[in-house]
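I would like the atomic coordinates for the input below:
(one chain, ligands or ions: 1)
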Amino acid sequence: MTTGKWAERLNPTVRDIKPSGIRRFFDMASEMKGVISLGVGEPDFVTPWRIRESSIYALEKGYTMYTANSGLPELRQEISRFTADSYSLTYDPNHEVLVTVGVSEALDLALRAVVAPGDEVIVPEPCYVSYQPCVALAGGTPVSVPTRGEDGFVVTAAQIEAAITPRTKALLLCYPNNPTGAIMPRAELESIAELCASRDILVISDEIYAALTYEGEHTCFAGLPGMRDRTILLQGFSKAFAMTGWRVGYALGNADFIGAMTKIHQFTMLCAPITAQMAAIEALKNAREDMHRMVNQYNYRRRLVLKACREIGLPCFNPGGAFYVFPDIRPTGLTSEEFTERLIREEKVAVVPGNSFGDCGEGYIRCSYAASVENLTEAFKRIGRLVQRTP
Ligand code: PLP
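You can find the predicted model right below:
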């Protein structure tokens, strides 16, 4: 909430948006020495060298200008090829692919393209911190559907059906999930797909963590029967290729959606940075091995932190994807915020309180395991010490 002298003159929607709950703990961490941060959702790897090198060459050759609004044609072709290889889904690079400034921009564009004032967007929670504010900024109303650790944070078609009203326009999905790491059983996604078709609901599917799936195969929502044309699929380079700072992602969908999103993008962003686009071409063409190497590392660390949780007595369900664990801290008798605050003050470990991702995240903390094995081992030793001091 903004409360200063000019607050009354602000757009009320913007004024009333609460700042992310994560900020306060990051600020505390940045003022202290010796903090191990498991807070940020960012790979600890540097972007693979071949990707960095390709953009250095691009700069040397003088690639410093705008690109087409929808992105470099070669990049759109590579994205189309990568999607066909991964999910046997084809998108026309000329009309059905839009290169964006990260998935962040793609999400904003997708929502602004489809949401009209008063429309409702169903958002299963816990969810990425941007979803609710972005729906509100697009003029819509987010409708939360809570999920539970006891159910593996899986959302069911029945829960979604119960949240549908005559104003429901879209469903916003994110699997593998941030913050829980949950993946969805294919059969449940199929039931959700049938529901969306029968109730004429659009789907925005944020699959930024798709490549980071450790248990079974990732199900691409757009690949389910009848879903390709009613789904806007969001994908990016930040997580899979360790490219958070480059700011490049993309949206795939039918030409009506992508055309509308391109309209907003051309008047607000023009295009994604050319060096990042050149780097993204290299990533898709030649860095898939690097991606697999990083994914294997994350999987190793996932097992390590799950074992550490067991050893220190924090129940934690088995996350099948992304790079987060979401342990249940209720046995300590502390709230998520109390636990997080004590952990940083007493043991110098930064994590994120689960309630930052929705009310149903209360009683949990999010720990990113995109950190070195050494830091993870030390961090869980410290978390264990705090747990021992609680009831
Ligand atoms: N979607 C989810 C679920 C995320 O976790 C993140 C970043 O943490 C983003 C989107 C933003 O990604 P990008 O860096 O591509 O903007």
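
Counting neighbours, which bits of stretch 304-312 end up buried?
Val305, Leu306, Ala308, Cys309, Ile312 (16 or more other C-beta atoms under 10 Å). All C-beta atoms are positioned from the backbone trio N, CA, C, and that covers glycine.

swap in stretch 243-260?
243-244, 246-254, 257-258, 260.

which two of these lie the greatest distance from each other?
Thr244 and Asn254 (28.9 Å; C-beta to C-beta).

hmm, back to that, what would the buried residues of stretch 243-260 look like in a markdown table with pLDDT?
Output for the buried residues of stretch 243-260, formatted as a markdown table (pLDDT from 0 to 100):
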| residue | pLDDT |
| --- | --- |
| Met243 | 98 |
| Thr244 | 97 |
| Trp246 | 98 |
| Arg247 | 98 |
| Val248 | 98 |
| Gly249 | 98 |
| Tyr250 | 98 |
| Ala251 | 98 |
| Leu252 | 98 |
| Gly253 | 98 |
| Asn254 | 97 |
| Phe257 | 98 |
| Ile258 | 98 |
| Ala260 | 98 |
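
so which of the residues you listed are also by the ligand?
With C-beta under 6 Å from any ligand atom as the criterion, these include Thr244, Gly249 near the ligand.

Can you tell me which of the buried residues of stretch 243-260 is nearest Leu38?
Thr244 (16.1 Å).

Which of the buried residues of stretch 243-260 sits closest to the ligand?
Gly249 (4.1 Å; C-beta to the nearest ligand atom).

got the contact list for the closest residue to the closest one other than its chain neighbours?
Spatial nearest neighbour of Gly249, excluding adjacent residues (C-beta to C-beta, 6 or more residues apart in numbering): Gly236 at 3.2 Å. Neighbour list for Gly236: Gly102, Val103, Ala106, Ile208, Val248, Gly249, Tyr250 [criterion: C-beta atoms under 8 Å, 6 or more residues apart in numbering].

what sits against the residue in the chain positioned nearest to the ligand?
Here the residue of the chain nearest the ligand is Gly102; by C-beta to the nearest ligand atom that distance is 2.6 Å. Gly102 sits next to Gly236, Ser238, Arg247, Val248, Gly249 when contact means C-beta under 8 Å, 6+ apart.

which two in these are spaced the farthest apart?
Gly236 and Arg247 (9.3 Å).

Arg52 sits in which helix or strand?
Per DSSP states H and E: Arg52 is located in helix 49-60.

Alongside the ligand, which residues does the chain contribute?
Checking the chain against the ligand by C-beta under 6 Å from any ligand atom, the hits are 41, 102-104, 128, 174, 178, 206, 208, 236, 238, 244, 249.

Redo those residues as JSON lines? Include secondary structure.
Formatted as JSON lines, those follow (DSSP: H, G, I helix; E, B strand; the rest coil):
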{"residue": "Gly41", "secondary structure": "coil"}
{"residue": "Gly102", "secondary structure": "helix"}
{"residue": "Val103", "secondary structure": "helix"}
{"residue": "Ser104", "secondary structure": "helix"}
{"residue": "Tyr128", "secondary structure": "coil"}
{"residue": "Cys174", "secondary structure": "coil"}
{"residue": "Asn178", "secondary structure": "coil"}
{"residue": "Asp206", "secondary structure": "strand"}
{"residue": "Ile208", "secondary structure": "coil"}
{"residue": "Gly236", "secondary structure": "strand"}
{"residue": "Ser238", "secondary structure": "coil"}
{"residue": "Thr244", "secondary structure": "helix"}
{"residue": "Gly249", "secondary structure": "strand"}
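
Strands of the stretch 251-391 of the chain, start to end?
In the stretch 251-391 of the chain, the strands defined using DSSP state E, counting those that start in this stretch lie at 324-325, 349-350, 352-353, 365-368.

will you turn these into a markdown table that also has mean pLDDT?
Formatted as a markdown table, these follow (pLDDT from 0 to 100):
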| stretch | mean pLDDT |
| --- | --- |
| strand 324-325 | 98 |
| strand 349-350 | 96 |
| strand 352-353 | 96 |
| strand 365-368 | 97 |
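
In a markdown table, list those along with mean neighbour count.
Formatted as a markdown table, the strands of the stretch 251-391 of the chain follow (neighbours: other C-beta atoms under 10 Å):
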| stretch | mean neighbour count |
| --- | --- |
| strand 324-325 | 28 |
| strand 349-350 | 24 |
| strand 352-353 | 26 |
| strand 365-368 | 28 |
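
Distance to Ile201 added to those strands, as CSV?
Converted to CSV, those look like this (distance: least, C-beta to C-beta, whole Å):
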stretch, distance to Ile201
strand 324-325, 28
strand 349-350, 38
strand 352-353, 30
strand 365-368, 28
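
Over to stretch 14-25 now: how far is its first residue from its last?
For stretch 14-25, the separation between the terminal residues is 23 Å (C-alpha to C-alpha, to the nearest Å).

Of all the residues in it, which ones are buried?
Result for stretch 14-25 [16+ other C-beta under 10 Å]: buried residues Ile17, Gly21, Ile22, Phe25.

List the contacts of the second one.
Contacts for Gly21 were tallied using C-beta under 8 Å, 6+ apart; they are Val129, Val352, Pro353, Asn355, Ser356.

And the closest residue to Met243 other than its chain neighbours, how far from Ile264?
Closest residue to Met243 apart from its sequence neighbours, by C-beta to C-beta, 6+ apart: Phe237 at 4.2 Å. Noted for Phe237: a distance of 21 Å to Ile264, by C-beta to C-beta, to the nearest Å.

residues contacting Leu107?
Leu107 neighbours (C-beta under 8 Å, 6+ apart): Ser130, Tyr131, Cys134, Ile204, Asp206, Leu234.

would CSV of those residues with neighbour count and pLDDT be doable?
Shown next, in CSV, are these (neighbours: other C-beta atoms under 10 Å; pLDDT from 0 to 100):
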residue, neighbour count, pLDDT
Ser130, 16, 95
Tyr131, 24, 97
Cys134, 25, 97
Ile204, 29, 98
Asp206, 27, 98
Leu234, 27, 98
